[in-house]
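# When you get a sec, could you give me coordinates for this:
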Amino acid sequence: MEEQWEETVPHTLECFLGYPHSYKRSVPCAANTNGDSDSIACIAGAISGEYLGVKAIPKDWIERIENKDYLIDLGIRLAGARRRL
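Got it, this is the predicted structure:
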């Protein structure tokens, strides 16, 4: 597992830092790497999304998310639970 992280983190940073102002370029860069590309893309997308904000995610990508309505509802419920703490 440690060896995997030794590759995942550098690949993730390479893709994010290669395209720090483009979510649309950072995530595909990560998804097309060798190794654990799904994890690399997930982490690069999270970093890029946090850095650029949700509006940086292409609208057509958002429309194609599987179980989108469920995930939106889950996010709303989680935010509500956090406010109650």
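
# what does stretch 59-72 rub up against?
Identification of contacts with stretch 59-72 by C-beta atoms under 8 Å, 6 or more residues apart in numbering yields Lys24. From N, CA and C alone the C-beta is placed, and that goes for glycine too.

# Let me see the mean pLDDT of it.
Averaging pLDDT along stretch 59-72 gives 94.

# One more: stretch 19-30?
Per-residue pLDDT over stretch 19-30 has a mean of 97.

# Buried residues in that stretch, which are they?
Tyr19, Tyr23, Ser26, Val27, Cys29, Ala30 (16 or more other C-beta atoms under 10 Å).

# The last one contacts Ala44, doesn't it?
Yes - counting by C-beta atoms under 8 Å, Ala30 does reach Ala44; the two are 3.7 Å apart.

# Mutual contacts of the two, please.
Thr12, Cys15, Phe16.

# got the CA coordinates for the helix or strand the last one falls within in CSV?
Taking DSSP states H and E as the definition, one finds Phe16 inside helix 2-18. Coordinates of each C-alpha in helix 2-18 appear next as CSV, following Å, rounded to 0.1, in the frame of the first residue of the first chain:
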residue,chain,number,x,y,z
GLU,A,2,2.8,2.4,0.8
GLU,A,3,4.3,2.0,-2.7
GLN,A,4,0.9,2.9,-4.2
TRP,A,5,0.8,6.2,-2.2
GLU,A,6,4.4,6.9,-3.3
GLU,A,7,3.1,7.0,-6.9
THR,A,8,-0.4,8.4,-6.3
VAL,A,9,0.5,11.6,-4.5
PRO,A,10,3.1,12.8,-7.0
HIS,A,11,0.9,11.9,-10.0
THR,A,12,-2.0,13.8,-8.3
LEU,A,13,0.1,16.9,-7.7
GLU,A,14,1.6,16.8,-11.2
CYS,A,15,-1.8,16.9,-12.7
PHE,A,16,-3.2,19.6,-10.4
LEU,A,17,-0.2,21.8,-10.6
GLY,A,18,0.1,21.3,-14.4
